[in-house]
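A.B. asks: quick one, structure for this:
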Amino acid sequence: MERTQEEKYLTIALTKGRLADRTLALFEKIGISMEEMKDGSRKLIFENREQRLRFFLAKGPDVPTYVELGAADIGVVGSDIIMEEKRRVYEVLDLGFGRCTMCVCGPEEAREKLRHHEMIRVASKYPNIAREYFYNEKQQTVDIIKLNGSVELGPIVGLSDVIVDIVETGSTLRENGLGVLEEVCPLSARMIVNQVSMQMENVRIRGLIAMLRAAQSASANLKFASRKRGKA
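C.D. replies: Coordinates of the predicted model:
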C-alpha cells in the first residue's frame, strides 16, 4: 500500500482469539505483518509504522462499538456480533473464515412446539437475533431469556424449552441430549468500517478491501487446483 508522508494511521480492531490469528494470517498474504502481536506482548496497541497501520485486540461485542464511535476505523468480528449489536457501521467484506451456524437447539420433544408455533421459552446470549428470528421470520410469540454463560443448561434444568446459539460441531449439544432443531442463519468473520472513515479514507480502505479480496480469490483457486490434482 503506497502512502504519502502525511498519511494518518488507520486503526484496526481485531476480535481476540482465533479470529485475530486468522485475520493476521490473511493480512500477511497482502504484505502486512505485525510480528509483535504473535510474541505474547502485553502491549495494548501495536503499530506498523511503515504502512501507517495500528492494531488492537478487543472482545467481540466491543469491536462494533469501537468502530461505530470512531476509536477504530476498521474492525474484524463475527457476523453474530454485528447482528446482535446493531451498530451503525458498514459491513464491507466476508472474510470467509470462522464459519458456523446460528441455530435453534433443544431436546427432540421441542420440535413439535416449534412446528406448531406454540408459546415457548427461549434462552440465548443473543436476544436480538432470537427476537428477530421468532417474531419477524417465524411470526411466533416466545418468551426470550438472556443468558451469559452455558445456554445449553436452559433446557436441561427446565429454564427454557429451546436455546438460540452458535453451533460449530454440535458435540456439546449431543453430549447433553440436545440437537439442532432449526437453522437461523450462517455466520462468518466480517470486516466492518466506520461510516466517517469510509468517506475520509475511502481510497486506502477500498484498496485494502481489494487486496484482501484478491488474496481470498488466490487462496480459493489454489485449493480448487489442489482438489483437482488429488482427483486426477
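A.B. asks: for the one helix or strand E183 maps to, the distance to its chain's centre please.
C.D. replies: Taking DSSP states H and E as the definition, one finds E183 inside strand 179-187. Here strand 179-187 is found 16 Å from its chain centre; the criterion is Cα atoms, centre = their mean, to the nearest Å.
A.B. asks: contact partners of the helix or strand harbouring R174?
C.D. replies: Here R174 sits within helix 171-175, counting by DSSP H and E. Residues from elsewhere that reach helix 171-175 (Cβ atoms under 8 Å, 6 or more residues apart in numbering): 105, 152, 167, 179-180. Where you see a C-beta, it was placed from the backbone N, CA and C, and this is true even at glycine.
A.B. asks: got a ChimeraX select line for the buried ones in those?
C.D. replies: In ChimeraX, this line selects whichever of the contacts of helix 171-175 come out buried by 16 or more other Cβ atoms under 10 Å:
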select :105,152,167,179
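A.B. asks: relative to L187, which of the contacts of helix 171-175 is nearest.
C.D. replies: Relative to L187, the closest of those is V167; by Cβ to Cβ it sits at 9.5 Å.
A.B. asks: give me the distance between that closest one and N128.
C.D. replies: Per Cβ to Cβ, to the nearest Å, V167 is found 18 Å from N128.
A.B. asks: and for V77?
C.D. replies: To N128, V77 is 15 Å away according to Cβ to Cβ.
A.B. asks: state the distance from the spatially most central residue of the chain to R99.
C.D. replies: Note on the chain: the residue nearest the mean C-alpha position is G78, at 0.4 Å, using Cα atoms, centre = their mean. Distance, G78 to R99, by Cβ to Cβ: 10 Å.
A.B. asks: mind listing the shared neighbours of these two?
C.D. replies: 187-188.
A.B. asks: hmm, back to that, so which of V77 and N128 has more stuff around it?
C.D. replies: Neighbour count, other Cβ atoms under 10 Å: between V77 and N128, V77 has more, with 31 against 14.
A.B. asks: which SSE is that one in?
C.D. replies: Assigned by DSSP H and E, V77 falls within strand 74-78.
A.B. asks: grab the CA positions of that strand and hand them over as CSV.
C.D. replies: C-alpha atoms of strand 74-78 as CSV (Å, rounded to 0.1, in the frame of the first residue of the first chain):
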residue,chain,number,x,y,z
ILE,A,74,-11.9,-0.9,10.7
GLY,A,75,-13.0,-3.9,12.7
VAL,A,76,-13.0,-7.7,12.3
VAL,A,77,-15.7,-9.5,14.1
GLY,A,78,-18.2,-12.4,13.8
